[in-house]
Every structure is written in structure tokens, then in C-alpha cells.
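Colleague: Here is the input, now give the coordinates:
(one chain, ligands or ions: 4)
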Amino acid sequence: MSQSINFSTLSRTPHLLHLSPHSRFNRPLTSLSFRQFTLNHTSLITSSSSKLLHSPAERSVVAAAVSTDTAGIEVDTVTEAELKENGFRSTRRTKLICTIGPATCGFEQLEALAEGGMNVARLNMCHGTREWHRGVIRSVRRLNEEKGFAVAIMMDTEGSEIHMGDLGGESSAKSEDGEVWTFTVRAFDSSRPARTISVSYDGFAEDVRVGDELLVDGGMVRFEVIEKIGPDVKCLCTDPGLLLPRANLTFWRDGSLVRERNAMLPTISSKDWLDIDFGISEGVDFIAVSFVKSAEVINHLKSYLAARSCGGDVGVIAKIESIDSLTNLEEIILASDGAMVARGDLGAQIPLEQVPAAQQRIVKVCRALNKPVIVASQLLESMIEYPTPTRAEVADVSEAVRQRSDALMLSGESAMGQFPDKALTVLRSVSLRIERWWREEKRYESTPLQPIGSGFSDRISEEICNSAAKMANNLGVDAVFVYTKDGHMASLVSRCRPDCPIFAFTTTTSVRRRLNLQWGLIPFRLSFSEDMESNLNKTFSLLKSRGMIKSGDLVVAVSDMLQSIQVMNVP
Ligand SMILES: Nc1ncnc2c1ncn2[C@@H]1O[C@H](COP(=O)(O)OP(=O)(O)OP(=O)(O)O)[C@@H](O)[C@H]1O
Ligand SMILES: CC(=O)C(=O)O
Ligand SMILES: [K+]
Ligand SMILES: [Mg+2]
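Modeller: Numbering: from 1, shown residues only. Ligands and ions are numbered 1, 2, ... in the order given. From the prediction side, this is the model:
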């Protein structure tokens, strides 16, 4: 068997580097050859379309595809405007997630977030009624349908960690230094008695001991346990602050987190399973699983989704926010479709000063294993109340972008803050600036990406994507085009974090929405065929007619139908 690369060029001719032109993924390939297409100036296609066609059969395929595809290409108005105004280079690579809450649940508010760059809307099942969540999901769907957005929906499970009750409808309660509060497993029929907080975990009163420290939201408010009376635990406030509804509770003894029977609480509670069923029926794109401890629960959920016939349609995101999840990090991430650095609770479970190193490790492992990673919590916390962020917050956002995480997430800033749109604008502008700085400095990572594919054809796809990204950087191309049915090939290109944006063309709306979570991908929905030349022609024609690309733009194209890398100027 020979392994050869034949390279020849003609001026104004697209160069196509094929690994055996008509082979498919399931057929291992052993030869590299370089094929070229001649220009055909008598193309049957309109003058704005590409001139890559070289046989009457191909021309007729393209002509049919272009004329019958009434839907054309689906892309949102914001991306379209951005591409037209500022060109490829200016597009944002880091994706943005907004937690939706009372401040942002109206249709116009959601629309403002989508226009501000929200790629994913997150619904936290700790809060709100099912009707409320259904309303938000439907509004986002309507926004996508009416305005061409591809905002994905992520449902975040409540999990069964210990948390406070909902404060009987109050938005917060102030706890002052030296006050004695009662934490109890009793439920209240009517209004909440003064200085009393209900606790979600029945074993709470048994597990705590006098002298333990009780931390609300990882230390936003602190108490010391002074007395236990049946189901009631009397606590002295030692660090005053605001108690928010359903805030997380942890207790500490001699400087370590107490993990007694509460460590045995199920990761996915019965309420979570009902929420998951609801999410499936409403067609959410991602389920983020809170307090994951091992890969087992992720595998369990994935089997459940597969049994419900929506395995490929719902991505499972592991939230890394417990000590156990750090211990089993690699296996959890391998089992998942992505991970979230949930710094809020993580910072309540490990010492705060260890959180930055944990973040960096999680981001690296995700990148190595080709899973999208989200950095979440307190990115712009002060913007819940103030219209500008602190300098330290801007530095924190910059660091997450510099680590090249896939996505940044707003929590309270967008859910119940006073300046949700401004917070999103800060994320957007900081991301753009840091990404540009990275490119200007030519700061390529020195450590090469480790191979991840197990089968030979997976390895070929990976090598193609690695090479395409390298070629894109070395040749200074304007964009990588990737044609992908299931999105995998697009994720492999994204993993390389090339200098230029990645136009990801996919045939289904649900894959398009899911690609919206990954670094650098600009997802388009487009129906395409197995024939790459006709796909390219069609894409060039559609994008040119909408002013999103122009003649002369240099493009590298890969696809999961044909194992090839093609480099060409837009005709
Ligand atoms: N659907 C909602 N309805 C009402 N308030 C909400 C909603 N979602 C979020 N919030 C408010 O925004 C705050 C921050 O949201 P966030 O999603 O970070 O929640 P959290 O309670 O800190 O828990 P988690 O650890 O699950 O993120 C919440 O404490 C709550 O006050
Ligand atoms: C997002 C989340 O759950 C956390 O930071 O704890
Ligand atoms: K949650
Ligand atoms: Mg959490």
C-alpha cells in the first residue's frame, strides 16, 4: 500500500486535499492524494455561485439542490449582521449562557438577551414553577422560530444537596451579627415564623453537632450551631448577610466539610427525574446535572434518555461542584457531553483558594477529551446591583476567556439582577477583546492535543480537523467550513481553537442549537448532500447572496461525508 501526497496547483483553482475521494468514515483509508477541480466557466448555476463544478451530473445536482431548497440557510439575524458589518475575524468565539429568572423571563427581555449574544438560556429547576419554566421554554422556541435565533435551552437540576426553603415568598431575609436563628426540618403551613429557616434535608438535625459551622451559599452568611432541640437547630449568626431563597447549606467541623449521611443523597432525586421528564417533553437541548459524584449517574441518565429515544437530542452536562466530582473528574467528563465549573457550590465544598486551580484543571481536561466546558458563577456578581463590574470581575472573566473555555455563564446577574443586558454586554466585550489579544499575540498553545478517537476512522477525522485548523492558522484563512450531520466533526475543529471562526453547517435544527455551546462555532442549518462540491457551491451562493461572504475570501473546508480538506477562495 502506498501513502502518497500528490500536490499540484493551477491559478484560481481550488485545491482539494482528499483522502481517497469517495470513501466514507467506516472505510479505513490508507492513501493520501491531491485532487484538483478545473474551473468551468459555463456553469449552469447562477453567476454568484461557485465555479467548482466539473461534470454535467454535478452541475445538475447543485442546480436541483439550490432550486428546491426553499429554506436556504438558517442563521440568526445577529450573526448575519455581525458578519456583514465586521467580517469573519470579529465574531465572538466564547459562548454566553444566561440564567433566566424574574428579571428576564418576558418575551421582549429574552429577545434583548438573544440580540445581546445569549447562546444558551439556562433554567434552574431549584426555582420557579413548572408552568413558569414551560412559559420561558416556549418563548425561547418562539424567538428562534420567528427571528432565526438558535438559542439552546439548558435545564439545570435541583439535586438533593441541603438547601434552605423558599422563605415563604420573600425575596430575601437579612441576618444580623449575634442573632439566633432556627434551622428546622419542619414545614410551615402559613407564614414563616421570625428568624426561622426550613431545611430540605430530613437528616439535617441528626447530622449536625453543637459547635459545627453552618455556611449559607458557601460563606455569604455564617452561623455557629449552639443548640439542638428535636427537629430544630439553634444557630448564632457570626457573619451577617442576606439569606436568599433556596440557598445552599453546608456544614463544617474542624475545618472540613461534614459529609455524613447527606453524602448518600441521590444525585438525581425523584423530583429531578420528574423535572427531566418535563424537560424531555418540552424538548430542552441540555440537562445539567447538579452535584455529580461519579460517572455512573451520567451513564444512568444517558441510558434513560436513549430509552426515551432522545439520546442524541439532549446533551448531558456534568456540573463539577463537589469534592467527589473532582476526585472522579476524568471519568465523569468522559461520560458526559460537557461540563460546568459550578464555582458557587464548588467554593463551598473546597477552600476558596483552591477554586482557580480546580477551574483550570477542569477546563484542560474538557479540552483534552473534546467536551465543551462552561465557567459559571459570580463572574459579574456586583452587576446584580450595579451597572458596571468591578475590575476584579473583568479580570476573572478575562481569565476564563484566556483559558479558552467554551462558554461563560451569568447566574443571578441575568436571573434577578438589575442590569441583565449590561452584564451580557460586559461578557461580550471582554470576550471579544481577550480573544483578539490572543490572536494578535499569536499565542498558540505549545502542548499538542492528545489523540482521543478509539477507532481508526475516528482518528482520521481527528487528524483531518487538526490539520485543517493548522492550515487555517498558517495560511491565515478567513474561515473553516465544516459540514457535519451530528456535529462531531465541528467539535473536533472547535477543539483546536483555530484563529478564524468555524462555520458549522448541519442539517438539523437541534444539532444547530447544541453546537451553539461550543467555542468558535457559528452554526448554520442547511440541507446538504454527500457531494462536497455541490455543498460548497450551494453554501457560497447562499452566503454570498446574503452578503455574509465575498469573492476572494479564503476558506478551508472539511466534512464528515468525505474525508478531505479543501482550501479555496470563494469564487
Ligand atoms: N427561575 C427563577 N425564579 C426565581 N429566581 C431565580 C430563578 N432562577 C434564579 N433565580 C435567582 O437567581 C439567583 C442565582 O441563580 P442561580 O441559578 O445561580 O441559583 P443558585 O440558587 O445559586 O443555585 P445553583 O447552585 O443551582 O446555581 C438565585 O439564588 C435566585 O435568587
Ligand atoms: C452554577 C452552580 O450550580 C454553582 O455555581 O453552584
Ligand atoms: K441547580
Ligand atoms: Mg450549584
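Colleague: How many residues are close by the residue in the stretch 401-550 of the chain positioned nearest to ligand 3?
Modeller: Taking C-beta to the ion as the measure, the point where the stretch 401-550 of the chain comes nearest ligand 3 is Ser411, at 9.7 Å. Where C-beta positions appear, they are placed from N, C-alpha and C, glycine not excepted. Look at Ser411: counted by other C-beta atoms under 10 Å, it has 25 neighbours.
Colleague: can you pull the contacts of it?
Modeller: 99, 124, 344, 376-378 (C-beta atoms under 8 Å, 6 or more residues apart in numbering).
Colleague: Can you tell me the number of residues neighbouring Ser564?
Modeller: Residues near Ser564, counting by other C-beta under 10 Å, number 19.
Colleague: neighbours around the residue of the stretch 451-571 of the chain found nearest ligand 2, how many?
Modeller: Residue nearest to ligand 2 within the stretch 451-571 of the chain: Leu517 (15.0 Å; C-beta to the nearest ligand atom). By the criterion of other C-beta under 10 Å, Leu517 has 27 neighbours.
Colleague: can you check Gln354 too?
Modeller: Neighbour count for Gln354, taken as other C-beta under 10 Å: 13.
Colleague: same deal with Glu353?
Modeller: With other C-beta under 10 Å as criterion, Glu353 counts 8.
Colleague: My read is that Phe540 contacts Pro571, right?
Modeller: Yes - counting by C-beta atoms under 8 Å, Phe540 does reach Pro571; the two are 6.6 Å apart.
Colleague: circling back: what sits against the residue of the stretch 451-571 of the chain closest to ligand 2?
Modeller: 95, 97, 119-120, 152, 286, 315, 338, 372, 374, 406-407.
Colleague: What does the pLDDT read for it?
Modeller: Per-residue confidence (pLDDT) for Leu517: 97.
Colleague: Just say helix, strand or coil for Glu227.
Modeller: Following DSSP: H, G, I helix; E, B strand; the rest coil, we place Glu227 in the strand state.
Colleague: Looks like it contacts Val210 (just checking).
Modeller: Yes - in this structure, Glu227 is within contact of Val210 by C-beta under 8 Å, at 6.5 Å.
Colleague: Would you map the helices across the stretch 251-400 of the chain?
Modeller: 270-282, 295-307, 323-327, 329-335, 343-349, 355-368, 391-402 (DSSP state H, counting those that start in this stretch).
Colleague: One more: the stretch 101-250 of the chain?
Modeller: So, for the stretch 101-250 of the chain - with DSSP H, counting those that start in this stretch - the helices run 107-115, 130-147, 204-207.
Colleague: any chance of these in TSV, with mean neighbour count and distance to Trp252 too?
Modeller: Putting the helices of the stretch 101-250 of the chain into TSV (neighbours: other C-beta atoms under 10 Å; distance: least, C-beta to C-beta, whole Å) gives the following:
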stretch	mean neighbour count	distance to Trp252
helix 107-115	18	37
helix 130-147	16	33
helix 204-207	18	12
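Colleague: Just give me the lowest mean pLDDT stretch among the ones you listed.
Modeller: What stands lowest among those, in mean pLDDT terms, is helix 204-207, with a mean of 88.
Colleague: Quick one: distance of that helix to the chain centre.
Modeller: Between the centre of helix 204-207 and the centre of its chain there are 37 Å (C-alpha atoms, centre = their mean, to the nearest Å).
Colleague: between the contacts of Ser411, which has the most around it?
Modeller: Ala376 (29 neighbours).
Colleague: any idea how far ligand 3 is from that residue?
Modeller: 10 Å (C-beta to the ion, to the nearest Å).
Colleague: Name the residues of the stretch 401-550 of the chain found near ligand 2, please.
Modeller: Ser411 (C-beta under 6 Å from any ligand atom).
Colleague: So for Glu161, which of the helices of the stretch 251-400 of the chain sits nearest?
Modeller: Among the helices of the stretch 251-400 of the chain, helix 343-349 comes nearest to Glu161, with 7.3 Å by C-beta to C-beta.
Colleague: So the residue of the stretch 201-350 of the chain found nearest ligand 4 versus ligand 1, what's the distance?
Modeller: Closest contact between the stretch 201-350 of the chain and ligand 4, by C-beta to the ion, is at Asp345 (3.6 Å). Per C-beta to the nearest ligand atom, to the nearest Å, Asp345 is found 5 Å from ligand 1.
Colleague: nearest to ligand 2, of the helices of the stretch 101-250 of the chain?
Modeller: So among those, helix 130-147 is nearest, using C-beta to the nearest ligand atom, at 16.5 Å.
Colleague: hang on, the earlier thing: so which of the contacts of Leu517 is the most crowded?
Modeller: Neighbours here mean other C-beta under 10 Å. Within the contacts of Leu517, the largest count is held by Ile374, at 30 neighbours.
Colleague: partners of that residue in the sheet?
Modeller: With DSSP bridges as the criterion, Ile374 is bridged to Met340, Ala407.
Colleague: Please name the residues that touch it.
Modeller: Contacts for Ile374 were tallied using C-beta under 8 Å, 6+ apart; they are 97, 317, 338-341, 405-409, 517.
Colleague: Output those in TSV; the columns should cover distance to Lys544.
Modeller: Below are the contacts of Ile374 laid out as TSV (distance: C-beta to C-beta, whole Å):
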residue	distance to Lys544
Ile97	32
Ile317	37
Gly338	34
Ala339	38
Met340	38
Val341	40
Ser405	33
Asp406	30
Ala407	30
Leu408	33
Met409	36
Leu517	28
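Colleague: hmm, back to that, how about TSV for the helices of the stretch 101-250 of the chain, with distance to ligand 4 added?
Modeller: Output for the helices of the stretch 101-250 of the chain, formatted as TSV (distance: least, C-beta to the ion, whole Å):
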stretch	distance to ligand 4
helix 107-115	21
helix 130-147	17
helix 204-207	18
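Colleague: can you put these in JSON lines and add distance to ligand 2?
Modeller: Shown next, in JSON lines, are those (distance: least, C-beta to the nearest ligand atom, whole Å):
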{"stretch": "helix 107-115", "distance to ligand 2": "18"}
{"stretch": "helix 130-147", "distance to ligand 2": "17"}
{"stretch": "helix 204-207", "distance to ligand 2": "20"}
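Colleague: returning to that earlier point: roughly how far does the residue of the stretch 401-550 of the chain closest to ligand 3 sit from ligand 4?
Modeller: On the measure of C-beta to the ion, Ser411 and ligand 4 end up 9 Å apart.
Colleague: per-residue confidence at that residue?
Modeller: 97.
Colleague: What of the one 10 residues further on?
Modeller: The score at Asp421 is 98. That number is its pLDDT.
Colleague: Pro266 contacts Ser160, correct?
Modeller: Yes - if you go by C-beta under 8 Å, Pro266 and Ser160 touch, sitting 5.7 Å apart.
Colleague: Those two - which one has more neighbours?
Modeller: More neighbours surround Ser160 than the other of Pro266 and Ser160, with 20 against 13 (other C-beta under 10 Å).
Colleague: Can you pull the residues of this protein lying near ligand 1?
Modeller: Residues of the chain lying near ligand 1 by C-beta under 6 Å from any ligand atom: 99, 101-102, 124, 126-128, 156, 244-246, 248, 290, 344-345, 411-412, 415-416.
Colleague: and if we set it to 8 Å?
Modeller: By C-beta under 8 Å from any ligand atom, the residues of the chain that approach ligand 1 are 99-102, 105, 122-124, 126-128, 132-133, 136, 156, 158-159, 163, 171, 217, 244-248, 290, 319, 321, 342, 344-345, 376-377, 411-412, 415-416.
Colleague: Buried subset of those, written for ChimeraX?
Modeller: Typed into ChimeraX, the line below selects the buried ones among those, using 16 or more other C-beta atoms under 10 Å:
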select :99,100,101,105,122,123,124,126,127,128,133,136,156,158,159,163,217,244,245,247,248,290,319,321,342,344,345,376,377,411,412,415,416
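Colleague: Look at the closest residue in space to Asp337 that isn't next to it in sequence and report its pLDDT.
Modeller: Excluding the flanking residues, the one nearest Asp337 by C-beta to C-beta, 6 or more residues apart in numbering is Gly315, at 3.8 Å. Note on Gly315: pLDDT of 97.
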